[in-house]
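Colleague: Below are the sequence and a predicted model for it; my questions follow.
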Amino acid sequence: MSTDEHASTIWQVSSFDRLHEAAMRGHDRPTVVSSTLMAEIDALERRQEASDALEVLAACVRLQEPALVYLRFAELVWPVTVFPAQMIYHAPRPLTEAPEQSLTRVTSMAIEPPVVRPPGHAMSNRVAADDSYYSLAPALWRLALHGPRGRILNEIGGTASYRVLRNPKVDDLPLPGALGPAAERLRREPATLKQIAGWPGMSVERASRLLNALYLGSNLLVSRSTTSARSDSRRSLFGWLGSR
């Protein structure tokens, strides 16, 4: 199997282990992700959340680390290479085309260093066709709102208040039902998860999904009163970078 096929083929779950092992053999490339990303994955494994697709992708985005993530949708495994610095991903098909019912059960099966490179890379031999790259923001947004994770991401959970940095309409991402008014209200005033959950049409799960989506879109300011200034500044900077 060629490098491009390895990154571009959707596999049956029943065949994944065998085909994946065969694809890995003979590839002249790193077989482990960076130590910083690996530390995040190890932490997820200790919490028994290594299969949580949203947490895995959130770690890549937060650390700005490209990675090849194998996502299971029902009985199919999609190789998805995320490039957080460029906010794009490479995949056989856009993740936004995955049926909504399969999103509710999506899991992460494995994570590796990228096989392909992003468009415009100086070493073009592993740059795939232009039409196989897609915008990352809509995919993360849809997974946050409709995926299996109905609680807040570990990175932004705990004692905190939240505020939206810019008008969500600018990003042209759907905010169905009560999510639109809630996001607009968060532009005007900070609120805790509990407070947001009590707003009209909201709940703890809906509030968590909204905050996760906003965070992954670099449109959320997280303020803490009981953590270190360093922790505050890291979370705030992540949101600020996305708002420029």
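Modeller: It's in.

Colleague: secondary structure class for the residue nearest the centre of the chain?
Modeller: Centroid-nearest residue in the chain, with Cα atoms, centre = their mean: residue 57, separated by 3.4 Å. What DSSP: H, G, I helix; E, B strand; the rest coil gives for residue 57 is helix.

Colleague: Contacts only, for it.
Modeller: For residue 57, the contact set (Cβ atoms under 8 Å, 6 or more residues apart in numbering) comprises 69, 82, 108, 140, 143, 216. The C-beta positions use only the backbone N, C-alpha and C, and glycine is treated the same way.

Colleague: Tell me, what's the model's pLDDT at it?
Modeller: Residue 57 is assigned a predicted lDDT (pLDDT) of 96.

Colleague: same deal with the one 4 residues further on?
Modeller: Residue 61 is assigned a predicted lDDT (pLDDT) of 95.

Colleague: which residue sits closest to it, ignoring its sequence neighbours?
Modeller: With sequence-adjacent residues excluded and distances taken as Cβ to Cβ, 6 or more residues apart in numbering, residue 61 is closest to residue 84, at 4.6 Å.

Colleague: what's that neighbour in contact with, if anything?
Modeller: By Cβ under 8 Å, 6+ apart, the residues touching residue 84 are 60-61, 63-66, 136.

Colleague: circling back: out of the contacts of residue 57, what pair is the most spread apart?
Modeller: Spanning the widest gap among the contacts of residue 57 are 108 and 216, at 14.8 Å by Cβ to Cβ.

Colleague: Noted, bye for now.
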